[in-house]
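Participant: The following comprises the amino acid sequence and a computationally predicted model.
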Amino acid sequence: MSSPSSRRVVVVGGGILGVSTATRLVRAGEAVVLVTARELTSGASGRSLSWLNSAGVRREAYHRLRLAGIDRYRTLAAAQPDRNWLRFDGGLRWANTPAELRTVHEHEVGHGYDSELIRPDQVPPRAPGVDPSAVPPGGAIWNPGEGWVDLPSLSRVLAAEFVQRGGRLVTDAGRCTLLTDSGAVTGVRTGSGEDFRASVTLLATGAAVPAMGAEVGLDIPDATVPALLVTTVPVRVGLKAVLNTPRASLRPTPAGALAVDSDWTAPHISQTDDGGYQVTRDLAEELLAEASRLLAGHPRLAADRCAIGSKPIPADGEPVLGGVEQVPGLSLAFTHSGATLGLIVAELLTYEITSGRPHPMLADFNVRRFR
């Protein structure tokens, strides 16, 4: 194993996974360069609902990983209780059918996840600000242990620590390419042609991970889709919890606004000639109208910002994490659940990189599962 004084790590990607892991690595005494194509959190981390949860039906190994992720946020919240960008005020959601709702609830209870099946009239004491008449007669699931985080705020805090501890931050680097030698990854080259050599390179570039991995012969099945997050102008509502429904998901923001998204918008997002995305004003207004119908008093919601881009999703829905056996010097961080896993994945990847040994909790999520 290389000693910290002889090893340099390059982390590629300025989202929560990249920033968090780079910070953990410098805490461990590593020499780290963090390289990002644009500014920090300019990708998926800057347009995420950032719901902290392990809700729904999922495999036990993934459930345990997500619970560990929530635990690390709780530790952070306890140490810094005045942070307005990290809250644990619960999560409320309902499904398209009562049968679907009950299946999810029974799965959660069976795995020890705090889950209550409640009637519409039981909603207001638990989730103030929600209109109980919007809740289906079959009720809703209340998960009191859930929360949300504002990833740009968290990333700024971590990046400041990263730089203060001696890490090098390179922003606006353009499209990076992996450097290789005899089948091993030896660093990255920025869009301007600057090379950063490293003993280990962590690829945490969100939706770009599969394409960058393909450059060195990796096949990472990909189900990435376009997504829209609308942030409203500040509005007075009583909502504190995260609210997830078939037509709108929303949470408060530190600035007193609401962040709103929903999967149904994806087919209505079109691609521009330059590879970007666009939506019509009608789509954003329809999404905000759906959100308003869920809130007590049905406040008028106006869009302040529409953030559109790729939502990184591995094809099987589970994270791709850890070192790559067939490509020495390369490690991966590619997941849909970047918010929930943002702190724990950094911890586990740092263990792997500094010790040279795989972490048991990442074994099920290694890219080798696709071979």
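Facilitator: Looks like it came in fine.

Participant: residues near Arg165, how many?
Facilitator: Using other Cβ atoms under 10 Å, Arg165 has 14 neighbouring residues. Where you see a C-beta, it was placed from the backbone N, CA and C, and this is true even at glycine.

Participant: Enumerate every residue touching the residue nearest to Asp150 when sequence neighbours are not counted.
Facilitator: With Cβ to Cβ, 6 or more residues apart in numbering as the criterion, Asp150 has its nearest non-adjacent residue at 3.8 Å, and that residue is Trp85. Contacts for Trp85 (Cβ atoms under 8 Å, 6 or more residues apart in numbering) come out as 149-150, 153-154, 254.

Participant: Glu60 too?
Facilitator: By Cβ under 8 Å, 6+ apart, Glu60 lies in contact with His111.

Participant: hmm, back to that, torsion angles phi and psi at the residue nearest to Asp150?
Facilitator: With angles defined as degrees, to the nearest 10, Trp85 sits at phi -100, psi 10.

Participant: Please tell me how far it sits from Asp261.
Facilitator: 18 Å (Cβ to Cβ, to the nearest Å).

Participant: What separation do you get for the residue nearest to Asp150 and Leu76?
Facilitator: Per Cβ to Cβ, Trp85 is found 11 Å from Leu76.

Participant: ok, back up a step: put together TSV for the contacts of Trp85, with distance to Gly342, secondary structure and pLDDT on each row.
Facilitator: Putting these into TSV (distance: Cβ to Cβ, whole Å; DSSP: H, G, I helix; E, B strand; the rest coil; pLDDT from 0 to 100) gives the following:
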residue	distance to Gly342	secondary structure	pLDDT
Val149	8	strand	98
Asp150	12	coil	98
Ser153	12	helix	98
Leu154	7	helix	98
Pro254	17	coil	97
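
Participant: among those residues, which ones are buried?
Facilitator: Listed as buried from the contacts of Trp85 are 149-150, 153-154; burial here means 16 or more other Cβ atoms under 10 Å.

Participant: and the helix or strand of the chain at the bottom of the mean pLDDT ranking, what does it pack onto?
Facilitator: Lowest by mean pLDDT, DSSP states H and E among the helices and strands of the chain is strand 270-271, with a mean of 91. Secondary-structure packing of strand 270-271 (3 or more Cβ pairs under 8 Å, 6 or more residues apart in numbering; DSSP states H and E): strand 277-278.

Participant: about what we covered before: which of the buried ones among the contacts of Trp85 are the two that sit furthest away from each other?
Facilitator: Spanning the widest gap among the buried ones among the contacts of Trp85 are Val149 and Ser153, at 7.9 Å by Cβ to Cβ.

Participant: Low-confidence bits of the protein, can you list those?
Facilitator: Residues of the chain meeting the criterion pLDDT under 70: 1-6.

Participant: mind listing the helices for it?
Facilitator: Taking DSSP state H as the test, the helices found in the chain are 16-27, 60-79, 98-110, 123-126, 151-164, 209-214, 281-294, 338-355.

Participant: Of all those, which one is nearest Gly138?
Facilitator: Among the helices of the chain, helix 98-110 comes nearest to Gly138, with 3.4 Å by Cβ to Cβ.

Participant: So Ala291 is in contact with Pro299, correct?
Facilitator: No: the pair Ala291 and Pro299 does not pass the contact test of Cβ atoms under 8 Å, sitting 9.4 Å apart.

Participant: Which residue of those two possesses the greater neighbour count?
Facilitator: Neighbours around Ala291 and Pro299, counted as other Cβ under 10 Å, are more numerous at Ala291. The numbers are 27 against 16.

Participant: what's near enough to touch the more buried one?
Facilitator: 248, 250, 258, 260, 301.

Participant: re earlier: name the residues that touch the least confident helix or strand of the chain?
Facilitator: For strand 270-271, contacts defined as Cβ under 8 Å, 6+ apart pick out 226, 277-279.

Participant: Try it again at 10 Å.
Facilitator: If you take Cβ atoms under 10 Å, 6 or more residues apart in numbering as the criterion, strand 270-271 is touched by 226, 276-280, 283, 308.

Participant: Roughly how far does Gly29 sit from Gly147?
Facilitator: Taking Cβ to Cβ, one finds Gly29 at 31 Å from Gly147.

Participant: Could you check which of these two has the larger neighbour count?
Facilitator: When Gly29 is set against Gly147 and neighbours are counted by other Cβ under 10 Å, the residue ahead is Gly147, at 25 against 14.

Participant: For the more buried one, give its distance to Ala241.
Facilitator: Gly147 is 9 Å from Ala241, where distance means Cβ to Cβ.

Participant: Could you do Arg72 as well?
Facilitator: Arg72 is 21 Å from Ala241, by Cβ to Cβ.

Participant: Leu341 too?
Facilitator: In terms of Cβ to Cβ, Leu341 sits 21 Å off from Ala241.

Participant: same deal with Pro312?
Facilitator: Distance of Pro312 to Ala241, computed by Cβ to Cβ: 26 Å.

Participant: Enumerate every residue touching Glu290.
Facilitator: So Glu290 contacts 134, 245-250, 260, 262, 264-265, 301 (Cβ under 10 Å, 6+ apart).

Participant: Put together CSV for those, with distance to Pro124 and neighbour count on each row.
Facilitator: Below are the contacts of Glu290 laid out as CSV (distance: Cβ to Cβ, whole Å; neighbours: other Cβ atoms under 10 Å):
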residue, distance to Pro124, neighbour count
Ala134, 12, 21
Thr245, 16, 22
Pro246, 21, 16
Arg247, 20, 17
Ala248, 19, 25
Ser249, 19, 23
Leu250, 17, 30
Val260, 21, 26
Ser262, 23, 22
Trp264, 27, 14
Thr265, 28, 23
Leu301, 20, 24
